[in-house]
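Asker: attaching a predicted model along with its sequence, questions to come.
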Amino acid sequence: MGGNGLLEKGRGNVTEGFGQWIITYPNLIWLPYFCHHDTNDMAQKEAKARIKIDQLLHEAGWRFFDEIGLPANIQLEAGVRITPAQLDTLGDNFEKSKTGRLDYLLLDAKGFPYLVLEAKAAHIHPLSAKEQARRYADSQNCRFVILSNGDVHYFWDLKTGDPQPIHVFPGPEEAVKFAAFNPQPERLAAELVGADFVARTQMPHFDRDPRWTDESQRRDFLKENGLRLLRDYQLQAIRTIQEAVKKGKTRFLFEMATGTGKTLTAAAAAKLFLKTDNARRVLFLVDRIELENQAEKDLSKYLKNDYDICIFKQQMDGWRKCNIVISTVQTLLAGNRFKRIFQPTDFDLVISDEAHRSIGGNSRDVFEYFIGYKLGLTATPRDYLKKTDKSALHTGDPRELERRLLLDTYTTFGCDDGIPTFRFSLLDGVKAGVLINPKVLDARTDVTTQLLSDQGLPRDYFGRRRQPV
């Protein structure tokens, strides 16, 4: 089993010579012991941990030593500059460090500690020491932490919640921009959201119009102006996000039946994050061009008076000016565009439409690349753990359980118990009067009936003269 597998909630039985499972966020992580492995094999496996981390720092623009016109901005401890000899004494895998770990201090442009990098040996999962990293960051008055073992990396904004997986390290300039972003989850949780939350953006003073005050004309007034009031269940969905954010959650799942207004609800969520300064920019991900065009049409209708909205492929040079960027997953995947053009911190909220299709295969790379809040929208979540004996899967093939966890919509969006952040089913829609209960029409032909029978069609059926159905 690899070093970052996944398993069910809780601690599993320790497999001798391998490791144990611990609860982390948003998934569960395998911590290998390697207690019976040959030390030479282990050293070979771990040899590049420090080398990989140093390379990631260099590629992001951090400097161990002074360069022409640029001072070093990495220290091993506050106020102490690094020398080449010090780096050499650490070992390629921090094996010469007493604890198998090292704290790097990354400095801002003024030379003050800005970010703590908790670097671990390759066989130690970076999340295993997150609390000691938090304490050290607090002692250095640092808001941000990177946790890494050379292969697995997490970025942690101590003000907003849990560590988020990242693929690359943020650079000095990007880090400064991110520091200027000062999210306030308390403000988001306290924001008053009423039925007119979106309509106030569409027409700020609509309630002053005589046709609104006249109840006999109100419905026609709303329809003629395209104004959308949030229904009770849509308000409830937004309030569940507020409650989740108050509890420190960063991932949410709306399971809503087709036709119940997922896009309108998502627009309200996007406005909530933007209005309360808990997001500077929102990415709205879809998996088809038709959905991309429809999302741009709907979101513009709802929010264009307050926010700039664009389709990425139509604004490849100007997307940074937009508050909400819409794109297909395929557009971002092409040529690894999402890594070449974007930084992990470019979007503070990622909304995934048809979320059950955005977490499989390469699509997941795009979804997980960006740091920040994640909201999934779906009518049909994929429950790969339903009626599954997790302990049996672990014993038989741990990789099968890991595969299911990675594809499971609930687990991906932080709903490990299989309960979405908000659910509004077909039956709920029928009861609320916004959906019609479908009627099943059973129409069969003789061919269909015989094909479905135990006997099936006779061999010479198609050689016979056709009979009227």
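Answerer: Looks like it arrived, so ask away. Since the structure is predicted, the reported quantities are computational estimates derived from the model, not experimental observations.
Asker: could you export the host helix or strand of Gln234 as CSV, CA atoms only?
Answerer: Per DSSP states H and E, Gln234 falls inside helix 232-246. Taking Å, rounded to 0.1, in the frame of the first residue of the first chain, the C-alpha atoms of helix 232-246 are listed here in CSV:
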residue,chain,number,x,y,z
ASP,A,232,-37.7,28.5,1.4
TYR,A,233,-35.7,25.4,0.7
GLN,A,234,-33.1,27.5,-1.3
LEU,A,235,-32.8,29.8,1.7
GLN,A,236,-32.3,26.7,3.9
ALA,A,237,-29.5,25.5,1.7
ILE,A,238,-27.7,28.8,2.0
ARG,A,239,-28.1,28.8,5.8
THR,A,240,-26.7,25.3,6.0
ILE,A,241,-23.5,26.7,4.4
GLN,A,242,-23.4,29.4,6.9
GLU,A,243,-23.7,26.9,9.8
ALA,A,244,-21.1,24.7,8.2
VAL,A,245,-18.6,27.6,7.8
LYS,A,246,-19.2,28.6,11.4
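Asker: which elements pack onto that helix?
Answerer: Secondary-structure packing of helix 232-246 (3 or more C-beta pairs under 8 Å, 6 or more residues apart in numbering; DSSP states H and E): helix 185-190, strand 251-256, helix 262-275, strand 422-424, helix 426-432. Glycine gets a C-beta too; all of them are placed from N, C-alpha and C.
Asker: how about a cut-off of 6 Å?
Answerer: Here helix 232-246 touches helix 185-190, strand 251-256, helix 262-275, strand 422-424, going by 3 or more C-beta pairs under 6 Å, 6 or more residues apart in numbering; DSSP states H and E.
Asker: so for Glu173, which of the ones you listed sits nearest?
Answerer: Between Glu173 and the helices and strands packed on helix 232-246, the tightest spacing by C-beta to C-beta is seen for helix 262-275, at 23.3 Å.
Asker: following element in sequence after that closest one, please.
Answerer: strand 282-286.
Asker: centre-most residue in the protein?
Answerer: For the chain, the residue sitting closest to the mean C-alpha position, by C-alpha atoms, centre = their mean, is Lys374 at 4.0 Å.
Asker: isn't it up against Ser352?
Answerer: No - the criterion here is C-beta atoms under 6 Å, and Lys374 misses it with Ser352 at 7.0 Å.
Asker: what sits against the residue nearest to the centre of the chain?
Answerer: Lys374 makes contact with 251, 350, according to C-beta atoms under 6 Å, 6 or more residues apart in numbering.
Asker: partner residues bridging it?
Answerer: Arg251, Val350 (DSSP bridges).
Asker: so how far is Ser139 from it?
Answerer: For Lys374, the distance to Ser139 equals 31 Å [C-beta to C-beta, to the nearest Å].
Asker: swap in Lys120?
Answerer: Here Lys120 is placed at a distance of 19 Å from Ser139 (C-beta to C-beta).
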